[in-house]
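Q: test case, fold it:
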Amino acid sequence: MFDTLSGKLQRVFKDLRGLGKIAEENISEALRDVRLALLDADVNFKVARDFIERVKSKAMGQEVLLSIHPGQQVIKVIHDELVDLLGSENSRLEATGNPSSIMMIGLQGSGKTTSSAKLARLLAKQARLPLLVGVDVQRPAAMDQLETLGKQLNIPVFVKKGETDVFKIAREALDVAKAQNRNTLIFDTAGRLQIDEPLVQELVRLRDQVKPQEVLLVLDAATGQEAVNVATHFNNALNITGAILTKLDGDARGGAALSLKSVTGKPIKFVGVGEKPEDFEPFHPERMATRILGMGDVVTLVERAAEAVELEDAKRLEEKMRKGQFTLEDFLEQLKQMKKLGSLESVVNLLPGGSDMIKGADLSKSEKEFRHMEGIICAMTFKERRSPQILNAKRRQRIAKGSGTSVAEVNNVLNKFSQMQQMMKKMGKFQKMMAKMGGAVPGGMR
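A: Now for the predicted structure:
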């Protein structure tokens with residue numbers, strides 16, 4: 001989402017790094033370019049103006065440290081102000097009651113139902129016991145969608161099809177939660193194509209009845225400044241506690257994320273970064289700021305890896321790599337674990353300078369190649385994966401036919417695997433040599 005903004009800011013930073021001293025005349029032009037970049041990203045013009053004024057004031061008022069280049073100090077001021085603009089720190093949910101209630105509100109099509117299920121999944125992983133409650137009686141498919149998502153995630157759902165009294169549904173849901181010992185109710189409320197008074201009044205009455213600890217506004221990040229206007233209206237009527245931004249993986253300009261906290265005073269608590277249930281994460285202003293500035297987000301990448309890969313499995317694979325016993329079965333397992341981290345583009349973007357590395361690259365071809373590799377290995381027998389040297393021409397033809405690929409592609413996968421095995425053997429020998437010399441790094445192979 002922030003690729004365009006990130007690219008423009010990095011061009012500005014390139015000029016700032018060559019700055020000999022901090023003076024009004026030599027940073028004004030750079031900050032003007034930053035302001036234009038923010039406005040082009042659909043950031044609220046008042047927010048952009050105030051942001052530049054704060055950066056300029058702080059940059060001019062600071063003494064340059066001897067160990068830091070003047071331009072780098074200005075970049076640090078921009079980074080710190082960007083973090084502050086996004087909300088300073090991660091805002092956690094306040095749903096600590098037993099049972100506690102969370103109201104999901106927003107316009108129709110913003111992603112309330114999907115976000116409700118994703119939030120329930122996240123809370124379940126944190127040892128909460130969520131109950132999804134469908135109180136959207138305006139859109140008939142909403143309850144069906146919620147039930148489908150609940151079954152997919154193994155999370156209970158309470159709906160009453162045919163019932164039009166949302167307050168009755170809410171009361172019965174609370175009774176069911178107590179009976180089933182569910183400690184967190186997530187209410188998926190109705191939306192409209194635009195804000196109207198009947199919708200707002202219904203939500204206000206429902207809020208007064210269920211007394212939620214959290215009122216979360218779900219916003220489609222692709223709607224830009226309109227998302228901020230919607231947030232202002234809902235906040236004035238319902239005093240929201242935070243927001244969830246969906247479609248943050250899209251190609252929208254990102255102005256809503258940068259303007260929301262400043263305009264409404266309410267934090268972004270979660271973001272949707274894809275369509276899968278796991279593509280949902282707490283919003284960390286510091287991490288988002290580093291992504292926007294092209295510095296990557298290694299912490300989030302490590303967290304994703306920790307969730308996708310079991311430590312014992314990693315140790316076992318490390319040992320096999322070191323001994324040169326890595327098989328196609330292990331390679332297949334690695335490919336499946338990589339898929340759990342998300343798309344290749346999303347992973348590379350989390351690396352420092354990642355957006356520059358993939359600029360102009362067609363990662364969809366690499367994704368397709370990974371799928372073909374997985375299909376080819378899956379078409380092999382267990383014995384063939386363990387001992388690829390037995391793969392004669394006849395077996396390779398069978399594998400190509402079974403995986404819907406060509407013999408040339410099968411040969412390519414086997415050649416790449418052979419090269420990787422040779423490289424791992426060399427790394428294993430090098431690590432043994434370093435250990436004898438007393439210079440081994442524990443866990444170096446990982």
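Q: tell me the first helix or strand C-terminal of the helix or strand that contains Leu82.
A: Using DSSP states H and E, Leu82 maps to helix 70-86. Per DSSP H and E, the first helix or strand lying C-terminal to helix 70-86 is strand 100-105.
Q: list the strands paired with that following strand, with their directions.
A: Sheet pairing for strand 100-105, assigned by DSSP bridges, gives strand 184-188 (parallel), strand 214-220 (parallel).
Q: gap between the closest residue to Val83 other than its chain neighbours and Leu217?
A: Nearest non-adjacent residue to Val83, counting by C-beta to C-beta, 6 or more residues apart in numbering: Ala289, 4.5 Å away. Using the backbone N, CA and C atoms, a C-beta is placed for each residue, glycine as well. Ala289 is 22 Å from Leu217, where distance means C-beta to C-beta, to the nearest Å.
Q: more crowded one of those two?
A: Using other C-beta atoms under 10 Å as the criterion, Ala289 and Leu217 rank with Leu217 on top: 29 against 21.
Q: check the gap between the more buried one and Ile27 for me.
A: Look at Leu217 and Ile27: by C-beta to C-beta, they are 37 Å apart.
Q: again with Arg396
A: 63 Å.
Q: same question for Ser387.
A: Per C-beta to C-beta, Ser387 is found 65 Å from Ile27.
Q: neighbour count: the two, which is higher?
A: Neighbour comparison, Ser387 and Ile27: the larger count goes to Ile27, with 23 against 12 (by other C-beta under 10 Å).
Q: now the strands paired with strand 100-105 as JSON lines including distance to Gln72 and mean pLDDT?
A: Below are these laid out as JSON lines (distance: least, C-beta to C-beta, whole Å; pLDDT from 0 to 100):
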{"stretch": "strand 184-188", "distance to Gln72": "45", "mean pLDDT": "95"}
{"stretch": "strand 214-220", "distance to Gln72": "35", "mean pLDDT": "93"}
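Q: what's the closest of those strands to Lys336?
A: Closest of these to Lys336 is strand 184-188, at 30.3 Å (criterion: C-beta to C-beta).
Q: return the helix or strand in the protein with minimum mean pLDDT.
A: Lowest by mean pLDDT, DSSP states H and E among the helices and strands of the chain is helix 354-357, with a mean of 57.
Q: which parts of the protein are strands?
A: For the chain, the strands defined by DSSP state E cover 100-105, 130-134, 157-158, 184-188, 214-220, 242-246, 268-272, 280-282.
Q: distance to Lys368 for those strands - can I get that in a markdown table?
A: Converted to a markdown table, the strands of the chain look like this (distance: least, C-beta to C-beta, whole Å):
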| stretch | distance to Lys368 |
| --- | --- |
| strand 100-105 | 36 |
| strand 130-134 | 36 |
| strand 157-158 | 36 |
| strand 184-188 | 36 |
| strand 214-220 | 29 |
| strand 242-246 | 27 |
| strand 268-272 | 25 |
| strand 280-282 | 26 |
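Q: if I look at Leu85, how far off is Ser262?
A: 6 Å.
Q: shared neighbours, the two?
A: Listed contacts common to Leu85 and Ser262 are Val47; contacts here mean C-beta atoms under 8 Å, 6 or more residues apart in numbering.
Q: quick one: low-confidence ranges for the stretch 101-250 of the chain?
A: For the stretch 101-250 of the chain, the stretches with pLDDT under 70 are 250.
Q: cutoff 80 now
A: 140, 193-195, 222-225, 248-250 (pLDDT under 80).
Q: tally of neighbours for the nearest residue to Leu132 once chain neighbours are set aside?
A: The shortest distance from Leu132 to any non-neighbouring residue, by C-beta to C-beta, 6+ apart, is to Val157 (4.5 Å). Neighbour count for Val157, taken as other C-beta under 10 Å: 23.
Q: I figured Val157 hits Gly134, correct?
A: Yes - under the contact definition of C-beta atoms under 8 Å, Val157 touches Gly134, with a separation of 6.8 Å.
Q: any shared contact partners between these two?
A: 146-147.
Q: and the residue nearest the centre of the chain, backbone torsions?
A: The centroid of the chain falls nearest to Val273 when counting by C-alpha atoms, centre = their mean (4.2 Å). With angles defined as degrees, to the nearest 10, Val273 sits at phi -120, psi 20.
Q: next one: Pro277
A: Dihedral pair for Pro277: phi -60, psi -30, per degrees, to the nearest 10.
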